[in-house]
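1. Here is my input; please provide its structure:
(2 chains)
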Amino acid sequence: MRFRLEAVDTGSHARAGVITTDHGEIQTPVFMPVGTAGSVKSVHQRELVADVKAKIILGNTYHLNLRPGMDVIAQAGGLHNFMGWELPLLTDSGGYQVFSLAEKRKIKEEGAWFRSHIDGSSHFLSPETSIDIQRTIGADIIMAFDECTPWPCDHRTAKKSMDLTHRWLKRSCEHFDNTETRYGHSQTLFPIVQGSTFKDLRIESAETIAACEREGNAIGGLSVGEPAEEMYETTERVCAILPADKPRYLMGVGTPANLLECIALGIDMFDCVMPTRNARNGMLFTQEGIINIRNEKWKSDFTPIDPAGPCFVDAAYSKAYLRHLVISKEILAAQIATLHNLSFYVWLMGEARRHIQSGDYAIWKNVMVKKLAHRL
RNA sequence: GGGGAGAUAGCCAAGUGGCCAACGGCAACAGACUGUAAAUCUGUCCUCUUCGGAGUUCGAAGGUUCGAAUCCUUCUCUCCCCA
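-> So this is what the prediction gives:
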C-alpha cells in the first residue's frame, strides 16, 4: 500500500491524498461502506461501483469467521473472489465485537472468547488468530485486534484496556510480519489508537501506535456514546501525533457532519454503518439536512427524493413513493434508501476533497455542517 | 318460518361480577440508531390534564347489585344450519 498526500487545506488540517493498493486507487478523504458479512446490506456490488462509486468496502473478521467460515473463504480464493468485489477491501479485526458483543465474550490476556450470537458456540479471537483470519479473507487493509473501550469509562479501566490493546498490537505486528499474504496481492496492517477520552492516555496510545511505523494508522474507541465535542477533541489530539505522511482512519464515524469536522482535523478514512442501517430505518441524509421518510408529512410529497442528489434514485423516485415503500416494508425501500445514503456520503467526500484542493475547505465545511444536521 | 351463534377502542381479538380505561396483535403517529446480534428497537395510541389525576366507554334502552364489558328483560343488527 502507498499513500500520496496531494494537498492540505489552508484553513484547517484537512488533507487530500491517494491510497494505492493492488486492487486499485482510493482518493481521500474516503468513506468506506460497511459490508460486515460480505455484503453491503441491500446493495449489489455492481451498484456499489457504478452508482455509489465506492472505492473500498469493509468486511468483518468475527462475522465472516462464524459464517461462512474460513474454509469456504479459502476455497473461494479469498473474499474478493467470493463476493465478486474487485476493488480494495478492508477488514475489521473483531475488536469492535469485543465492545458490541460485550455480554457474549470474555477477555483474557491471550485474546477474547466469544459465544457465537448465532448458535452459542465458543470462538477464540486473538491478535494472532485475527491476523490469520484476515490473511485468509485477503483484505488489502487489515486491522489489529484491539479492545474497543466502552464509554463512559474510568481512567483506570481505560488505561488497563489501552495497555492490553498495546500488548496485543505488538503481537499483531509480529504475527503479521511473520506470515504471508495468501492470494498474491499485498496486505497492510493498521494499528489502532485507544485510550477512551482521556488526554494522557490518547497521547500515550498515539505515540505507541506511531512508533509501530505501519503504513497507516487508525483511531478507535470513539463514537461509542461520548459527546461529539469530546470525539473532536480526542481526534484532534491524536492527529497531531500520528504521522502526516500516512493515512489516518477514524473508525466507526459517523454522521455527515462528523465526517466533515473530522476531515478538518486531519482524518482521511471513515467507515460507519449509519448510512446503511439508518437507510433501512427510513433516515435519509441530504445536503439540506436529515429526512425521516416515514414521517406523515412526506405522504403526498411527490418531489424527488433529493433533487440535488448524485444517485439515479434521487431523481427517479418521489419522497411519497419511498415513504410508501418504507411503510409497506418493501425490500426496494432498503435498496433505494441505502443507495441514496451511500451515494450521498461518497459524494460528500468528493466535495470535501475538491474544496481541500482549492484551499477553501474550512469555509465550505462550516456552511455545510449547519445544513447537514438540520431536520427536514 | 324454525333452530343456533354473536355484537368489546381505527381493525382483529382477550376478558364472562370488583385486581378493567379494558391482555395481545395489527394499523397509525413520533423517536433512537456512529469499526452492523439491527429490513431493528423504544415510546404514544378514548377525551382532557398543572402528568398527581379527572371525565366518558365494551350494539341500544331498561333492570338486578355496594359494585356490571361481564347477570336479567326487551329491542336493533350480523353470521350459520334446517325448511
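2. so does the lengthiest helix in chain A get close to RNA strand B?
-> Longest helix of chain A, by residue count under DSSP state H: helix A:331-357. Yes. Using CB under 7 Å from any atom of the strand, helix A:331-357 reaches RNA strand B at A:331, A:334. All C-beta atoms are positioned from the backbone trio N, CA, C, and that covers glycine.
3. what residues are up against the residue nearest to the spatial centre of chain A?
-> Among the residues of chain A, the one closest to the centroid is residue A:271, at 1.6 Å (CA atoms, centre = their mean). Each residue near residue A:271 by CB atoms under 8 Å, 6 or more residues apart in numbering is listed here: A:31, A:32, A:33, A:34, A:58, A:90, A:249, A:251, A:252.
4. Nearest to residue A:202, out of these: which one, please.
-> Among these, residue A:251 lies closest to residue A:202 (CB to CB), at 14.1 Å.
5. Can you give me the neighbour number for that closest one?
-> 25 (other CB atoms under 10 Å).
6. give the contact list for the residue of chain A most remote from its centre.
-> Distance to the chain centre peaks in chain A at residue A:300, reaching 35.4 Å (criterion: CA atoms, centre = their mean). Residue A:300 makes contact with residue A:320, according to CB under 8 Å, 6+ apart.
7. Got phi/psi on it?
-> Dihedral pair for residue A:300: phi -120, psi 30, per degrees, to the nearest 10.
8. which stretch of helix or strand covers the residue nearest to the centre of chain A?
-> Using DSSP states H and E, residue A:271 sits within strand A:269-272.
9. does RNA strand B sit close to that strand?
-> Yes. Residues of strand A:269-272 are located near RNA strand B by CB under 7 Å from any atom of the strand, namely A:271, A:272.
10. And the longest helix of chain A, how far out from the chain middle?
-> Counting by CA atoms, centre = their mean, to the nearest Å, helix A:331-357 is centred 14 Å from the centre of its parent chain.
11. Give the next helix or strand downstream of it.
-> Past helix A:331-357, the next helix or strand by DSSP H and E is helix A:361-372.
12. do that next one and RNA strand B meet at all?
-> No. Helix A:361-372 lies out of reach of RNA strand B by CB under 7 Å from any atom of the strand, never closer than 12.3 Å.
13. which of the residues in that helix are buried?
-> By neighbour count on 16 or more other CB atoms under 10 Å, the buried set for helix A:361-372 is A:361, A:362, A:364, A:365, A:368, A:369, A:372.
14. Columns pLDDT on top of these, output as TSV?
-> Listed next are those as TSV, based on pLDDT from 0 to 100:
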residue	pLDDT
A:361	98
A:362	97
A:364	98
A:365	98
A:368	97
A:369	97
A:372	96
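15. who's in contact with the residue lying closest to residue A:286 once chain neighbours are set aside?
-> Once flanking residues are discounted, residue A:286 sits nearest to residue A:306: 4.8 Å by CB to CB, 6 or more residues apart in numbering. By CB under 8 Å, 6+ apart, the contact list for residue A:306 reads A:284, A:286, A:287, A:314, A:340, A:344.
16. out of the residues you listed, who has the most neighbours?
-> residue A:340 leads the contacts of residue A:306 on contacts (other CB under 10 Å) with 29 neighbours.
17. That residue reaches residue A:312, doesn't it?
-> No. Counting by CB atoms under 8 Å, residue A:312 is not a contact partner of residue A:340; they are 9.8 Å apart.
18. before we move on, the earlier item: could you save the contacts of residue A:306 as CSV and add columns showing pLDDT?
-> Output for these, formatted as CSV (pLDDT from 0 to 100):
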residue, pLDDT
A:284, 98
A:286, 97
A:287, 96
A:314, 98
A:340, 98
A:344, 98
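19. and which of the residues you listed is nearest RNA strand B?
-> Closest to RNA strand B out of the contacts of residue A:306 is residue A:284 (9.8 Å), distances taken as CB to the nearest atom of the strand.
20. Cheers, nothing more for now.
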